[in-house]
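**Q** Next input, structure requested:
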Amino acid sequence: MSPVAGRRVVTTGRKWERVVGYARAVRIGPVIEVAGCAPTADDGSTVGGANVYEQTRQCLRVVGEALAAVGAGFDDVTRTRIFTTVPRRWREIGRAHGDVFGAIKPVTSMIGVRGFIDPKWLVEIEASAYRVD
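**A** Residues are numbered from 1 along each chain as shown. Just a heads-up that it's a prediction; the model follows:
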């Protein structure tokens with residue numbers, strides 16, 4: 001299999017990337033995909049405890065870092081996908097999402113799920129972006 005010309009792959013070194021074999025972000029031309037970002041710090045610890053607003057903010061920080069690593073930013077995001085084990089707390093999640101994307105207004109989905117790899121996680125966020133340099 002030959003690599004796609006212009007494909008930029010970003011990894012962070014976090015353990016799940018190595019175990020599962022995925023990248024944090026991939027950019028091919030103007031199209032950018034950011035993998036599900038959990039509320040984790042660089043050392044893998046969960047940020048925010050049981051506070052879903054803080055966990056969501058951390059997920060978005062990780063998304064922002066991934067976007068920056070491929071030369072993009074939040075303004076380039078066209079879609080987010082929010083997964084949560086606590087869908088009834090959607091207002092807190094939505095408030096954190098709105099803090100970042102309120103003026104940008106990407107399309108989004110919020111999906112209730114049974115659980116994540118780490119049971120302390122309450123939310124995980126994926127993003128798609130488009131940027132012509």
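**Q** Tell me where the protein has helices.
**A** Counting by DSSP state H, the chain has helices at residues 15-20, 52-69, 90-101.
**Q** Of all those, which one comes closest to residue 118?
**A** helix 15-20 (9.1 Å; C-beta to C-beta). (Glycine included, C-beta is placed from N, CA and C.)
**Q** picking up where we left off before, to residue 29, which of the helices of the chain lies closest?
**A** So among those, helix 52-69 is nearest, using C-beta to C-beta, at 15.3 Å.
**Q** what helices or strands is that closest one leaning on?
**A** If contacts are counted by 3 or more C-beta pairs under 8 Å, 6 or more residues apart in numbering; DSSP states H and E, helix 52-69 sits against strand 25-28, strand 31-37, strand 77-84, helix 90-101, strand 123-130.
**Q** related to what we said a few turns ago, winner for burial among the helices of the chain?
**A** helix 52-69 (a mean of 22; mean count of other C-beta atoms under 10 Å).
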